[in-house]
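J.: Here is a sequence together with a model predicted from it:
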Amino acid sequence: MPPLAKRIAVLGTVFATTFAATTLSANAAQVNARAASFSHTGQLATFGLYNNAIVTDQLNLKRINADYIFLSDNPEDPFDFVSGSCFGGAVVKNMQVQGGGVCSLKDKNGTPFALSYEITTVKSGTYSGNWAILGGDQKWDTAKGSGTWSRMALPNKSMSVTTIQGEITF
């Protein structure tokens with residue numbers, strides 16, 4: 001699919017989902033946003049289709065590399081219109097998952113920040129885990145925050161819907 005068509009499909013998926021968020025106080029904000037994402041890295045020969053290397057029946061390696069744009073129905077949500085890229089990897093061994101990665105993001109004002117994520121569960125095409133703010137520029141320099149996330153793969157395997165929840169204090 002050409003890049004423009006992918007981006008249109010991503011935005012269509014975002015607007016097809018529902019969003020909710022609430023502000024807790026002037027300094028702490030509840031995060032509750034969703035993003036459509038698509039894998040933008042070509043497959044490596046050793047990973048084959050879907051960025052998955054099956055080593056044995058009980059050992060799989062998964063590469064994670066996607067672009068995101070988060071939306072919320074609350075304009076005060078710190079993740080409303082946050083966009084950027086995340087990458088990482090996971091090992092699924094004997095039905096247990098271990099892995100994570102990092103994200104390079106920009107808020108709706110273009111201010112850069114980063115977060116880390118941990119994968120704690122992979123079940124029926126849904127990844128989930130925890131995230132934490134690493135730091136950033138301006139207000140993100142002193143921001144503290146963490147929460148949970150889940151990512152559900154869509155049938156075409158290159159697109160997904162990610163939900164992120166938690167709290168950030170500036």
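T.: Happy to help now that I have it. Numbering: from 1, shown residues only.
J.: hey, let's count contacts and neighbours off CA atoms from now on
T.: OK.
J.: Can you list the low-confidence ranges for the chain?
T.: For the chain, the stretches with pLDDT under 70 are 1-27, 36-50, 157-158.
J.: Please, which helix or strand holds the spatially closest residue to Thr163 that is not a sequence neighbour?
T.: Nearest residue to Thr163, sequence neighbours excluded (CA to CA, 6 or more residues apart in numbering): Arg34, at 4.4 Å. Assigning secondary structure by DSSP states H and E places Arg34 in strand 28-39.
J.: immediately after that strand, which helix or strand?
T.: strand 52-56.
J.: That next one: what's the following helix or strand?
T.: strand 59-71.
J.: Show me what that next one is packed up against.
T.: On a contact count with 3 or more CA pairs under 8 Å, 6 or more residues apart in numbering; DSSP states H and E, strand 59-71 meets strand 28-39, strand 52-56, strand 83-93.
J.: Let's see it as CSV, backbone CA atoms only.
T.: Taking Å, rounded to 0.1, in the frame of the first residue of the first chain, the C-alpha atoms of strand 59-71 are listed here in CSV:
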residue,chain,number,x,y,z
LEU,A,59,10.3,-19.7,21.3
ASN,A,60,9.3,-16.7,19.2
LEU,A,61,11.0,-13.3,18.6
LYS,A,62,8.9,-10.4,17.8
ARG,A,63,10.1,-7.1,16.3
ILE,A,64,8.0,-4.0,17.1
ASN,A,65,8.3,-0.8,15.0
ALA,A,66,5.4,1.5,14.4
ASP,A,67,4.2,5.1,14.0
TYR,A,68,1.5,6.5,16.1
ILE,A,69,-0.9,9.5,16.4
PHE,A,70,-3.0,9.5,19.6
LEU,A,71,-6.3,11.2,20.0
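J.: what separates that strand from the chain centre, distance-wise?
T.: Here strand 59-71 is found 7 Å from its chain centre; the criterion is CA atoms, centre = their mean, to the nearest Å.
J.: Now do the buried residues in that strand.
T.: For strand 59-71, burial by neighbour count (16 or more other CA atoms under 10 Å) applies to Asn60, Leu61, Lys62, Arg63, Ile64, Asn65, Ala66, Asp67, Tyr68, Ile69, Phe70, Leu71.
J.: for stretch 74-81, same thing?
T.: Under 16+ other CA under 10 Å, the buried positions of stretch 74-81 are Asn74, Asp77, Pro78, Phe79, Asp80, Phe81.
J.: now these in JSON lines, with secondary structure?
T.: Shown next, in JSON lines, are the buried residues of stretch 74-81 (DSSP: H, G, I helix; E, B strand; the rest coil):
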{"residue": "Asn74", "secondary structure": "coil"}
{"residue": "Asp77", "secondary structure": "coil"}
{"residue": "Pro78", "secondary structure": "coil"}
{"residue": "Phe79", "secondary structure": "coil"}
{"residue": "Asp80", "secondary structure": "coil"}
{"residue": "Phe81", "secondary structure": "coil"}
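J.: Appreciated, that's everything.
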